[in-house]
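1. Make a model of this:
(one chain, ligands or ions: 1)
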Amino acid sequence: MTLDRTSTPSSDAVSAPTTPALAPLPSALADRLAECPGLPSLPAAAAEVIRLAQGDEPRLADFAHAIERDPALTLRLLSLANSALYARGDARVATCSEAVSRLGLDATLAAAMSFGLPRPGPRENLDLERLWQRAIIAALSAQHLARRLCPQAAGTLFTAALIQDIGILALDALDGDSYRSLAHDLGDHDGLCMAEQRYYGCDHALVGAWLAASWQLPDHLAAAIAESHGPLTDDAPQALCLRLSCRIADCWLAEDPAAAFSSLLRQLLELDSVDANRLEALLQELHGLLPPVARLFEITCPPDIDHHALVQEAKQLLFAQNLRLSQRLASQQRELEILQASHSDLDEQRRTDHLTGLANRPWLEALLELHFDKARTARQPLSVMFIDLDRFKRLNDRHGHRFGDRVLIHFASALKAMVRESDVAGRYGGEEFLVLMPQTRRCQAGALAGRIREALLAAPLAHAEGEPVHVTASIGIASLEDAAFTCHSELIDAADQAMYGVKHGGRDGVRHFVEPEY
Ligand SMILES: Nc1nc2c(ncn2[C@@H]2O[C@H](COP(=O)(O)OP(=O)(O)OP(=O)(O)O)[C@@H](O)[C@H]2O)c(=O)[nH]1
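-> I've put the predicted structure just below:
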C-alpha cells in the first residue's frame with residue numbers, strides 16, 4: 001500500500017506545483033547560522049520520514065517502519081491518531097501503520113519534528129512553554145481555517161503553523177543572551193520581528209524557512225514559514241490561514257484577551273472570508289481540542305477562555321472604539337472646517353486692502369499677470385486704468401487724515417459699483433487705484449473712465465461742515481492694442497505714464513497711452 005497524498009485532509013498539498021523561491025538570508029547571518037553547532041536539529045525518524053516522502057511513491061509501510069525505530073515517537077503518534085483531533089469517533093488505532101494512515105503525511109511529519117524539538121524545561125532561557133502553547137493554538141487555528149478556505153492545504157498548514165517559529169529557536173541557539181534580550185516579550189510578536197529586522201536584517205520567519213530548507217523539508221513548507229508574517233488579505237487563502245493563526249494565538253495568550261480579540265475583529269472587518277462568527281466557531285473548537293493536544297505535546301494547556309463571552313466583549317469593545325473613533329473623526333472634521341474657514345479668511349485678508357476692501361497691490365499684480373498671459377495667448381483685448389485722485393494732500397491738510405480715509409472708502413465703493421463683474425478694481429497705493437479690464441478695448445475703457453469722472457462730478461464723495469466735497473481724478477489708460485507690451489508691469493507703467501500726462505495737463509481728465517516716437 002502506498003500513502004495516498006490526496007485521500008485524507010492532512011496528507012495532501014505535499015507537492016505544491018508553484019512554490020515561490022525563498023528570499024536569501026543576509027549573507028553574514030547565513031554564514032554564522034551555517035557554522036552554529038547548537039541549532040535545533042531534526043530527529044532521525046523525522047529526517048527519514050522526509051527522505052521517504054521525497055521518493056516517487058511513498059509507501060505507508062516504509063513510513064511506519066522508520067517511525068517504529070523510535071518507540072517514544074511511535075507511542076506519541078498513536079496517541080495523536082487516537083486523540084479527539086484525529087479520531088473523530090473512529091475506532092482506536094493500534095499500529096504505527098494505522099496511525100500514519102490516519103494522520104496523513106503532513107501531520108506525521110509535524111509530530112515527528114515537534115517531538116524532537118527543544119521542549120519546555122527548567123532552562124532559564126526563552127519562554128519555551130509559551131512558544132509551544134502559541135504553536136499548538138496556531139496549528140489548530142490554521143487547520144480550522146484551512147478546512148473552510150483551502151481544504152487541500154489543511155495538513156500542510158497545520159505543520160507550517162506548528163513550526164513557523166522555529167527561527168526563534170535558531171536565533172536563540174545562535175546568540176543566546178543577546179537574542180533573548182530582544183525576545184524578552186514573546187507576547188509582542190510584531191515588536192520582536194521589528195527588533196530582529198533591525199538586528200539581523202530579517203526576521204525569524206526567514207530564518208525558520210532557511211532552517212526548514214536545510215532540513216530538506218518540502219519547499220512549500222519552507223515557503224509557508226517564510227510567508228507567515230504579513231498583512232491579512234483574502235486573495236491568498238493559505239497565507240491568510242497561517243498569518244491569522246498566529247494572531248489568534250497571540251490574542252488567546254494576551255494579558256487582556258478581550259482587548260486583543262477586539263483589535264483582531266477590527267482587522268477581520270477588512271476581510272470577506274473570515275468574520276466574527278467564524279472566529280467564534282474556531283475558538284469553540286480550540287476550547288475542546290487544546291487540552292488533549294497540550295497533553296500530547298507535554299505542555300501546560302493554554303489558559304481556558306469563555307469563547308462566547310470573550311467574542312461578545314470583544315465586539316462591544318470594538319463598538320465602543322468605533323464610537324469613540326467616529327466622535328473623534330467628527331470633532332476633527334469640525335476643526336478642519338474651522339481651519340479651512342480661517343484659512344480662507346486669511347487668504348482673503350492677504351489679498352485685500354484693509355482700508356477700502358478692494359484688491360491690494362500684490363493681488364492686482366498677480367491677477368494682471370494671469371490676464372496678461374491669457375489675453376496675449378488668446379489674442380484678446382485687455383486694458384488697465386490708473387486713477388489718481390487729485391490734490392489729495394490738500395484735502396488731508398484741510399479736513400484731516402480721517403476725513404481723507406472716508407473719501408478713499410467712498411470712492412472705492414463707488415468705483416466697485418461702476419466696474420463690470422469681470423473687471424477687478426483695486427487700490428494700488430495711497431490715493432491711487434487700478435482697474436483691470438479683461439476683454440476690454442481702449443475705447444470701452446475710455447468710456448468707463450468718462451463715467452467715473454461724471455460720477456465724481458455729479459455726487460460729492462463727502463461733506464465737510466455741511467458743505468459737499470468734490471474730488472476729481474486723473475485717469476490714464478493702457479490697452480494691449482496700444483503697443484507691443486512684453487509683460488504685465490509694462491502695461492501698468494504705461495497706464496501710469498498716461499495718468500501723469502493728465503496731471504501735467506492740469507489734472508481732472510483721461511488719457512490713453514501713446515507710444516513715444518523715437
Ligand atoms: N487719508 C489718507 N491719505 C492718504 C492715504 N494714502 C496716501 N494719502 C495721502 O495722499 C496724498 C498724496 O499726495 P501727493 O502724492 O502729493 O498727491 P496729491 O496731493 O494728490 O497731488 P496730485 O497727485 O499731484 O494731484 C498724501 O498726502 C498722502 O498722505 C490714506 O490711506 N489715507
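2. Quick one: neighbours of whatever residue of the stretch 101-250 of the chain ends up closest to the ligand, just the number.
-> Scanning the stretch 101-250 of the chain for the residue nearest the ligand gives Met194, at 62.9 Å (criterion: C-beta to the nearest ligand atom). Bear in mind the C-beta positions are built from the backbone N, C-alpha and C, glycine included. Neighbour count of Met194, defined by other C-beta atoms under 10 Å: 13.
3. cool, Ile338 as well?
-> 10.
4. for Val384, helix, strand, or coil?
-> Under DSSP: H, G, I helix; E, B strand; the rest coil, Val384 falls in the strand class.
5. right, and it touches Ala495 too?
-> Yes - if you go by C-beta atoms under 8 Å, Val384 and Ala495 touch, sitting 4.6 Å apart.
6. how about the residues of the stretch 351-500 of the chain that lie near the ligand?
-> With C-beta under 6 Å from any ligand atom as the criterion, the stretch 351-500 of the chain meets the ligand at residues 355, 388-394, 396, 401, 404-405, 408, 430-431.
7. Pull out the buried positions in stretch 206-222.
-> By 16 or more other C-beta atoms under 10 Å, the buried positions in stretch 206-222 come out as 206-213, 215, 217-222.
8. Walking through the stretch 1-150 of the chain, point out its helices one by one.
-> Secondary structure of the stretch 1-150 of the chain (DSSP state H, counting those that start in this stretch): helices at 27-35, 44-53, 60-68, 71-82, 84-87, 96-116, 128-149.
9. in terms of contact, does Ile50 touch Trp215 like I think?
-> Yes - contact status for Ile50 versus Trp215: in contact at 7.0 Å, counting by C-beta under 8 Å.
10. Now do the shared contacts for those two.
-> Shared contacts of Ile50 and Trp215 (C-beta atoms under 8 Å, 6 or more residues apart in numbering): Leu42.
11. can you pull the contacts of the residue of the stretch 151-300 of the chain at minimum distance from the ligand?
-> Nearest residue of the stretch 151-300 of the chain to the ligand: Arg266, at 60.8 Å (C-beta to the nearest ligand atom). Arg266 is in contact with Leu318, Gln321, counting by C-beta under 8 Å, 6+ apart.
12. What about whichever residue of the chain sits closest to the ligand, how many residues nearby?
-> The minimum distance from the chain to the ligand, using C-beta to the nearest ligand atom, falls at Gly404 (2.5 Å). Using other C-beta under 10 Å, Gly404 has 21 other residues around it.
13. element containing it, please.
-> Assigned by DSSP states H and E, Gly404 belongs to helix 401-418.
14. again, but for Leu323
-> In this structure, Leu323 is located in helix 307-351 according to DSSP H and E.
15. Can you show me the CA trace of whatever helix or strand comes next after that helix as CSV?
-> Following helix 307-351 in sequence order, the next helix or strand is helix 361-378 (DSSP H and E). C-alpha atoms of helix 361-378 as CSV (Å, rounded to 0.1, in the frame of the first residue of the first chain):
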residue,chain,number,x,y,z
ARG,A,361,-1.4,95.9,-5.0
PRO,A,362,0.2,92.4,-4.8
TRP,A,363,-3.1,90.7,-5.7
LEU,A,364,-3.7,93.2,-8.5
GLU,A,365,-0.3,92.5,-10.0
ALA,A,366,-0.7,88.7,-9.7
LEU,A,367,-4.1,88.9,-11.4
LEU,A,368,-2.9,91.2,-14.1
GLU,A,369,0.0,88.8,-14.8
LEU,A,370,-2.6,86.0,-15.3
HIS,A,371,-4.8,88.1,-17.5
PHE,A,372,-1.9,89.4,-19.5
ASP,A,373,-0.6,86.0,-20.4
LYS,A,374,-4.1,84.7,-21.2
ALA,A,375,-5.0,87.7,-23.3
ARG,A,376,-1.8,87.5,-25.3
THR,A,377,-2.1,83.8,-25.9
ALA,A,378,-5.8,84.1,-27.0
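16. in helix 361-378, what's buried?
-> Trp363, Leu364, Glu365, Leu367, Leu368, His371, Phe372, Ala375.
17. Can you work out which other helices and strands pack against it?
-> For helix 361-378, the packing partners by 3 or more C-beta pairs under 8 Å, 6 or more residues apart in numbering; DSSP states H and E come out as helix 307-351, strand 382-389, strand 424-429, strand 432-438, helix 488-504.
18. Beyond the last one, next helix or strand please.
-> Read in the C-terminal direction, the helix or strand following helix 488-504 is strand 509-512, with elements assigned using DSSP H and E.
19. So is that following strand next to the ligand?
-> No - Strand 509-512 stays clear of the ligand (C-beta under 6 Å from any ligand atom), getting no nearer than 11.8 Å.
20. Can you tell me the strand partners of that strand and which way each runs?
-> Using DSSP bridges, the strands paired with strand 509-512 are strand 473-479 (parallel).
21. low-confidence ranges in the stretch 151-300 of the chain?
-> Residue ranges of the stretch 151-300 of the chain with pLDDT under 70: none are present.
22. Helices of that one, start to end?
-> Secondary structure of the stretch 151-300 of the chain (DSSP H, counting those that start in this stretch): helices located at 154-162, 166-182, 189-200, 204-214, 219-226, 237-253, 257-268, 276-296.
23. which one of the ones you listed has the most crowded surroundings?
-> A comparison of these by mean neighbour count, using mean count of other C-beta atoms under 10 Å, puts helix 154-162 on top with a mean of 30.
24. returning to what we had before: got the contact list for the closest residue to the residue of the stretch 101-250 of the chain closest to the ligand other than its chain neighbours?
-> Setting aside the residues directly before and after it, Met194 is nearest to Asp203 in space (C-beta to C-beta, 6 or more residues apart in numbering), at 8.0 Å. Counting by C-beta under 8 Å, 6+ apart, Asp203 makes contact with Gly167, Leu192, Cys193, Met194, Glu196, Gln197, His229.
25. Pull the most distant pair out of those residues.
-> The span of the contacts of Asp203, defined through C-beta to C-beta, is set by Gly167 and Met194 at 14.6 Å.
26. Give the helix, strand or coil label for Pro468.
-> Put simply, Pro468 is strand when judged by three-state DSSP.
27. How many residues are close by it?
-> 10.
28. is it true that it touches Leu457?
-> No - the criterion here is C-beta under 8 Å, and Pro468 misses it with Leu457 at 11.3 Å.
29. For Gly38, grab the count of nearby residues.
-> Gly38: 11 surrounding residues under other C-beta under 10 Å.
30. Now do the same contact list for the nearest residue to it once chain neighbours are set aside.
-> Of all residues not flanking Gly38 in the chain, Ala173 sits nearest, at 4.2 Å (C-beta to C-beta, 6+ apart). Contact partners of Ala173, counting by C-beta under 8 Å, 6+ apart, are Cys36, Gly38, Leu39, Pro40.
31. can those go into JSON lines with extra columns for pLDDT and distance to the ligand?
-> Output for the contacts of Ala173, formatted as JSON lines (pLDDT from 0 to 100; distance: C-beta to the nearest ligand atom, whole Å):
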{"residue": "Cys36", "pLDDT": "88", "distance to the ligand": "84"}
{"residue": "Gly38", "pLDDT": "81", "distance to the ligand": "87"}
{"residue": "Leu39", "pLDDT": "83", "distance to the ligand": "86"}
{"residue": "Pro40", "pLDDT": "79", "distance to the ligand": "86"}
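32. Of the residues you listed, select the buried ones using a ChimeraX command.
-> Selection of buried members from these for ChimeraX, criterion 16+ other C-beta under 10 Å:
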select :39,40
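33. For the closest residue to Ala195 other than its chain neighbours, give its distance to Gly38.
-> Spatial nearest neighbour of Ala195, excluding adjacent residues (C-beta to C-beta, 6+ apart): Leu182 at 4.5 Å. Going from Leu182 to Gly38 by C-beta to C-beta, to the nearest Å gives 18 Å.
34. ok, back up a step: pick the most deeply packed of the helices and strands packed on helix 361-378.
-> The highest mean neighbour count among the helices and strands packed on helix 361-378, using mean count of other C-beta under 10 Å, belongs to strand 382-389: a mean of 26.
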